[in-house]
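> sharing a model prediction with you, sequence too.
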Amino acid sequence: MSMQQLRGESDFDQLPHNIPISAAIADIEEKKGFIDYFVFVIEVKTKGGSKYLIYRRYREFFNLHQILESKYSPEGTEKPGSNTYILPSIPGKVFIGNKQEIAESRIPELNTYMKRLLSLPTWLLLDEALRMFFYQTDQDSQHKPRALRRLRPPTRKVKTVKPKMDIFSSPRAEVMFDFRGNNKTELNLKRGEVIFLLQRVNADWLEGTVNNQTGIFPQSFVKIIKPLPESDPEVEGEGNTYSCLRCFLLTQSGVDTRDVCVQEDLTIQPTYKDLLSRMRNIFKKDDIALNYRDPDGDLIRILDDEDIRLMIKESRGQQDKVKRPVNQFPWELYVTLASDLSVYKTEA
């Protein structure tokens, strides 16, 4: 069924020029934050003919679907009527498995979901939540695509010198995810392989040798074991930038201090759930509590997102009194055992 059949030609003509009318996933990108996850890189086209990229997590798709169901689904509203509509189905949540494989497998289903969503009647297409989901935010516009499949580097002749395979001294990387090249210039990689690095092609792509084959590949698919000796001056300074979070595990046996590097802006307010999960993974303990120190130096337990907001607010107020590196968060986490209440100051 075409979009015109659902809406009628006159209704379509009345739509604003900036209304999104089609969207397709161009790629997925790994985001290394307090919790590592993948985002879908989506190319959106508007009625006026403009195109732009947006970056959305699966849970943003899921949250949008829940909002629309509560407003318009005949089963979700208390009084079904003229403002109800049968919405397209969305792929369900997956809790176990390789994150990249899960994201890849969702691409066809989410493409179908977006196609059907943007073919709904005009009155529903103008819903604010739906429009905001497909609009390009400032954060979207500032995001630089990394290893976007349709934006691969242009093919060029490179003078390749076959390296001596010295596993102890050669620049090399370990393949973290399977990768299938699109043409003869791109390598096919399998997870676990060691690839010897020859040179950097641009900020996102490297050239290397594996299994007696030489070609290019996206850096985001590998983990660098030994970097190339010199960076390409054309792309110097365009690599990943990291922010540092200092955290402490307080136990009876002493203090374990860690610096956690994440690709998050210093202004971000992470969720309590994400921080708790990350600290459990770092310190390899499940029964823990998150805390921060207030301006008086007392330890305060964190219980929810509102406590996170208060921690960040108080920490920013103390920025002038504490010297930190420019890439370090102004707040610090103190991790304790959930059952240990002796760390808190109590009145006699």
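Perfect, I can see it now.

> can you give me phi and psi for the residue lying closest to Val210 once chain neighbours are set aside?
Beyond its immediate neighbours in the sequence, the residue positioned closest to Val210 (C-beta to C-beta, 6 or more residues apart in numbering) is Ile195, lying 4.2 Å away. In this view, the C-beta of every residue, glycine as well, is placed from N, C-alpha and C. Backbone geometry at Ile195, expressed as degrees, to the nearest 10, gives phi -110, psi 130.

> before we move on, what about Ser277?
According to degrees, to the nearest 10, Ser277 has phi -60, psi -40.

> which residues touch it?
Shown in contact with Ser277 (C-beta atoms under 8 Å, 6 or more residues apart in numbering): 34-35.

> for the residue nearest to Val210, what are its contacts?
Applying C-beta under 8 Å, 6+ apart, the residues contacting Ile195 are 172-175, 187, 189, 208-210, 217, 222.

> in JSON lines, list the residues you listed along with neighbour count, pLDDT and secondary structure.
Output for the contacts of Ile195, formatted as JSON lines (neighbours: other C-beta atoms under 10 Å; pLDDT from 0 to 100; DSSP: H, G, I helix; E, B strand; the rest coil):
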{"residue": "Arg172", "neighbour count": "23", "pLDDT": "87", "secondary structure": "strand"}
{"residue": "Ala173", "neighbour count": "24", "pLDDT": "90", "secondary structure": "strand"}
{"residue": "Glu174", "neighbour count": "13", "pLDDT": "91", "secondary structure": "strand"}
{"residue": "Val175", "neighbour count": "20", "pLDDT": "91", "secondary structure": "strand"}
{"residue": "Leu187", "neighbour count": "24", "pLDDT": "88", "secondary structure": "coil"}
{"residue": "Leu189", "neighbour count": "25", "pLDDT": "90", "secondary structure": "strand"}
{"residue": "Gly208", "neighbour count": "25", "pLDDT": "86", "secondary structure": "strand"}
{"residue": "Thr209", "neighbour count": "19", "pLDDT": "86", "secondary structure": "strand"}
{"residue": "Val210", "neighbour count": "19", "pLDDT": "86", "secondary structure": "strand"}
{"residue": "Phe217", "neighbour count": "26", "pLDDT": "87", "secondary structure": "strand"}
{"residue": "Val222", "neighbour count": "23", "pLDDT": "89", "secondary structure": "strand"}
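
> out of those, who's nearest Ile86?
Set against Ile86, the nearest of the contacts of Ile195 by C-beta to C-beta is Leu189 (43.1 Å).

> got the contact list for that closest one?
Contacts for Leu189 (C-beta under 8 Å, 6+ apart) come out as 175, 177-179, 195, 210, 217, 221-222.

> from Leu124, how far off is it?
Counting by C-beta to C-beta, to the nearest Å, the separation of Leu189 from Leu124 is 43 Å.

> ranges for the strands of this structure?
Listed in chain order, the strands of the chain (DSSP state E) span 20-31, 37-46, 51-56, 172-175, 194-200, 205-210, 213-218, 222-226, 243-251, 254-262, 288-293, 299-302, 333-337.

> do a quick rundown of the helices in the stretch 51-200 of the chain.
58-72, 99-117, 122-125, 128-134, 138-142 (DSSP state H, counting those that start in this stretch).

> identify the residues contacting the last one?
Counting contacts by C-beta under 8 Å, 6+ apart, the residues outside helix 138-142 that touch it are 52-55.

> and Ser231, what pLDDT?
Looking at Ser231, its pLDDT is 47.

> which strand residues bridge Asn291?
When assigned by DSSP bridges, Asn291 has beta-bridge partners Arg301, Tyr334.

> I figured it hits Leu333, correct?
Yes. Using C-beta atoms under 8 Å, Asn291 makes contact with Leu333 at a distance of 7.3 Å.

> in the chain, which helix or strand is least confident?
helix 3-7 (a mean of 43; mean pLDDT, DSSP states H and E).

> what sits against Ala338?
With contacts defined as C-beta under 8 Å, 6+ apart, Ala338 is in contact with 287-289.

> equivalent analysis for Phe217, please.
Residues in contact with Phe217 (C-beta under 8 Å, 6+ apart) are 179, 181, 186-187, 189, 195, 205-208.

> redo those as TSV? Include distance to Phe133.
Output for the contacts of Phe217, formatted as TSV (distance: C-beta to C-beta, whole Å):
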residue	distance to Phe133
Phe179	30
Gly181	33
Glu186	33
Leu187	36
Leu189	34
Ile195	38
Trp205	31
Leu206	34
Glu207	38
Gly208	39
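
> wait, which of those is closest to Lys47?
Trp205 (34.9 Å).

> I'd say that closest one and Phe221 touch.
No. The pair Trp205 and Phe221 does not pass the contact test of C-beta under 8 Å, sitting 10.2 Å apart.

> okay if I get the strands of the chain as a markdown table plus distance to Met279?
Shown next, in a markdown table, are the strands of the chain (distance: least, C-beta to C-beta, whole Å):
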| stretch | distance to Met279 |
| --- | --- |
| strand 20-31 | 18 |
| strand 37-46 | 17 |
| strand 51-56 | 26 |
| strand 172-175 | 26 |
| strand 194-200 | 32 |
| strand 205-210 | 33 |
| strand 213-218 | 30 |
| strand 222-226 | 23 |
| strand 243-251 | 7 |
| strand 254-262 | 9 |
| strand 288-293 | 6 |
| strand 299-302 | 11 |
| strand 333-337 | 5 |
